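# Here's my sequence, what's the structure:
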Amino acid sequence: MRRALAREFASLPGVRVTVTLDDRVSADDGPWEIVRIGAGEELPLFEALAGRADYTLAIAPETGGILAERARAIRRAGGQSLGSTAEAVTLAADKLIFERHLVRQGIATPPCRVVQPADRLPEDHLYPAILKPRDGAGSLDTFLIPNAGLVPEAARAMETAVLQPYVPGIPLSASFLAGPSASAQLIGVGRQRIAINGARVSYHGGELPAPRDWLTPDVTRAVRAVEGLRGFVGVDFVYDEANCRATVIELNPRPTTSVVGLLSLLPPGRLARAWLGGADDLASLVHSQAPVTFDPDGTFRNEKGVRHV
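Residues are numbered from 1 along each chain as shown. A predicted model of the protein is given here:
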C-alpha cells in the first residue's frame, strides 16, 4: 500500500513525495525521497516531517492506538492530514463501540457481545458465531465458532474478544473517499477472498470490481455516520443476494489492500487528484474495467492464478 500510494501521489505534476523507512529495511527505490528512521525515532521524526509537509498520509493499523496517535502527531505539528482524525479512528477501531454507533444510526450490523474466550462462551448466543479481538484489524485472530463448547486454543489465548452472529452471504468491501460535511465518494466495490481453515478465518485478498448494485444505502451511510473520516475509507460488508440486503461488518478508517487493486484500474494520478479535492467519478471508471485479483501483500493473480507484481 505504501509503495502504491507513494507512486500515485508522485505521478502528479509538481508533487514531491517523502517516505519514511525503517533503518533495518533494505533500499526502497522509487520516485520519492527516503528518510531513514532508527530505533525510537519514528514518532518524533514523523511529527517533525508532518510539520514541514503540505500534506501527510499515515499508513498504519488502527490497532493499539497506532493510527490514532499518528493522527494526533500530525495535528500537534500543525500539519494537514490526508487521513481521518484520531477521534474517528478510535471510534471505528473499537468493535463494540462502533457496533453501538451503527445501531443508533439504524444501520444493519451484527450485534457485539464482549466475552472472555478462556472461559466457556455463552450458551444463549446465536451460533455459528464469529469471535475476534475488540481492537483488531483485518482478520487477525478471527475464528468461526460452531457452538459454545468448541473454542480453539488459539482463541482462548485472547484475554477479551467480541462475539458476533455469523452473517452468511457474499463478503465485500467498498472503498470511499471521505471528506468534510460527511461526504462519501465511492471509488469501487470488490469481493473479499475469505478462507476458513479449521476454525480460523483469514483474508486472502480480493477481486475488483464486483457488481455495483450490491452496494446498499446502509454501506454509504456507515461512512457518513462517522464524523472526522477523511481520505480513503474501506467498509467491509456482507451482501445477502436473495434479499438484496447488506450488513455492515467493519469500517477501516484508512487505506486498505483494495487500494492496490483500484490503482491498477485507474490512470496514474486520478485517485490522488480526487483525494486532494478534485471532483471525479472514479467509480464509473473502476466498474467499467475487467476484474483484477490481488493477494494481501499487493501482488496480483492472472486468470490462471499465477502471481505477479
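# for stretch 220-234, which positions count as buried?
The neighbour-count check on stretch 220-234 (16 or more other CB atoms under 10 Å) flags 220-226, 228-234 as buried. C-beta coordinates here come from the backbone N, C-alpha and C atoms, glycine included.
# what ranges of the stretch 101-250 of the chain fall below the confidence cut-off?
For the stretch 101-250 of the chain, the stretches flagged by pLDDT under 70 are 138.
# what ranges do the helices span in it?
153-156, 217-224 (DSSP state H, counting those that start in this stretch).
# in the shortest one, what's buried?
For helix 153-156, the buried set under the neighbour-count rule, 16+ other CB under 10 Å, comprises residue 155.
# same thing with stretch 179-191?
184-191.
# ok now it, how far from the chain's centre?
Relative to its chain's centre, stretch 179-191 lies at 13 Å (CA atoms, centre = their mean, to the nearest Å).
# which residues are contacting that stretch?
The contact list for stretch 179-191 (CB atoms under 8 Å, 6 or more residues apart in numbering) reads 170-178, 206-212, 214-215, 220, 223-225, 227, 230, 232-233, 258, 261-262, 265, 271, 274, 277, 282-283, 286-287.
# how much does the lengthiest strand in the chain deviate in direction from helix 217-224?
Ranked by residue count and defined by DSSP state E, the top strand of the chain is strand 183-197. Angle, strand 183-197 to helix 217-224, by axes from the mean of the first three to the mean of the last three CA atoms, to 10 degrees: 110 degrees.
# Could you export strand 183-197 as PDB, CA atoms only?
Extracted C-alpha coordinates of strand 183-197, given in PDB (Å, rounded to 0.1, in the frame of the first residue of the first chain):
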ATOM      1  CA  SER A 183     -19.300  13.400   2.100                       C
ATOM      2  CA  ALA A 184     -18.600   9.900   0.800                       C
ATOM      3  CA  GLN A 185     -17.500   9.500  -2.800                       C
ATOM      4  CA  LEU A 186     -17.500   5.800  -3.900                       C
ATOM      5  CA  ILE A 187     -14.300   4.600  -5.600                       C
ATOM      6  CA  GLY A 188     -15.300   0.900  -6.100                       C
ATOM      7  CA  VAL A 189     -16.800  -2.300  -4.700                       C
ATOM      8  CA  GLY A 190     -14.900  -5.500  -4.600                       C
ATOM      9  CA  ARG A 191     -15.200  -9.100  -3.400                       C
ATOM     10  CA  GLN A 192     -13.200 -10.200  -0.400                       C
ATOM     11  CA  ARG A 193     -11.400 -13.600  -0.700                       C
ATOM     12  CA  ILE A 194     -12.100 -15.200   2.700                       C
ATOM     13  CA  ALA A 195     -10.900 -18.600   3.700                       C
ATOM     14  CA  ILE A 196     -11.800 -20.700   6.800                       C
ATOM     15  CA  ASN A 197      -9.100 -23.200   7.800                       C
END
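# Nearest to residue 239 among the helices of the stretch 101-250 of the chain would be which one?
Each of the helices of the stretch 101-250 of the chain has some distance to residue 239 by CB to CB; the shortest is helix 217-224, at 9.1 Å.
# The closest one - contacts with which helices or strands?
On a contact count with 3 or more CB pairs under 8 Å, 6 or more residues apart in numbering; DSSP states H and E, helix 217-224 meets strand 170-179, strand 183-197, strand 231-240, strand 245-252.
# To residue 135, which of the ones you listed lies closest?
Using CB to CB and comparing those, the one that lies nearest residue 135 is strand 245-252, at 11.9 Å.
# residues of the next helix or strand after the closest one that come out buried?
Next helix or strand after strand 245-252 toward the C-terminus (DSSP states H and E): helix 258-265. Across helix 258-265, burial judged by 16+ other CB under 10 Å covers 258-263, 265.
# Now stretch 87-100: buried residues?
88-95, 98-99.
# List just the nearest of those to residue 155.
Here the nearest of these to residue 155, counting by CB to CB, is residue 95; it sits at 15.2 Å.
# What separation is there between the closest one and residue 42?
With distances taken as CB to CB, to the nearest Å, residue 95 is found 27 Å from residue 42.
# what's the answer for residue 86, then?
17 Å.
# Neighbour count for these two, which is higher?
residue 86 (21 against 15; other CB atoms under 10 Å).
# Serialize the helices and strands packed on helix 217-224 to CSV and add fields for distance to residue 31.
As requested, the helices and strands packed on helix 217-224 are exported to CSV (distance: least, CB to CB, whole Å):
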stretch, distance to residue 31
strand 170-179, 23
strand 183-197, 23
strand 231-240, 20
strand 245-252, 27
